[in-house]
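**Q** Provide a 3D model corresponding to the input given below.
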Amino acid sequence: MNDETFLDERVDVVATFGTGLNPCVPVKLRRANGREITVTEIGLRHPTMQGKRMVHMFDVTDGGADYRLEFDSERLTWTLKLEADHS
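**A** Residues are numbered from 1 along each chain as shown. Here you go, the predicted model:
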């Protein structure tokens, strides 16, 4: 990732939930400024513990930039942690 910007921004996410190897798939996110980002590809997805809480990290792209999303499975919240341009 180039030109990384570390964030801690709550975002609204549209995600699909199902079965199989990828039970949760983020599809679209909306930032606080109203900008909507459509996910075109998911890279890495991994669960991790933060204290006693399980959070799921998703590295996604819209084709123009990369993003790291965090889903807190206890609080049911999404946070945008990182944005990186492809330039």
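**Q** going forward, measure contacts and count neighbours with C-alpha atoms only.
**A** OK.
**Q** Do you know the pLDDT at the residue nearest the centre of the chain?
**A** Nearest to the geometric centre of the chain sits Leu69, at 2.1 Å (C-alpha atoms, centre = their mean). Predicted confidence (pLDDT) for Leu69: 98.
**Q** what's the answer for Ser87, then?
**A** 67.
**Q** Make sure the residue nearest to the centre of the chain is actually in contact with Phe58.
**A** Yes: Leu69 lies in contact with Phe58 (C-alpha atoms under 8 Å); the separation is 5.0 Å.
**Q** For Ile37, see how far away Arg68 is.
**A** For Arg68, the distance to Ile37 (C-alpha to C-alpha, to the nearest Å) stands at 12 Å.
**Q** quick one, which of the two is more surrounded?
**A** More crowded of Arg68 and Ile37, by other C-alpha atoms under 10 Å: Arg68, with 21 against 16.
**Q** so which strand or helix has that one?
**A** Using DSSP states H and E, Arg68 sits in strand 65-72.
**Q** quick one: strands adjacent to that strand?
**A** Strand pairing for strand 65-72, determined by DSSP bridges: strand 53-61 (antiparallel), strand 77-85 (antiparallel).
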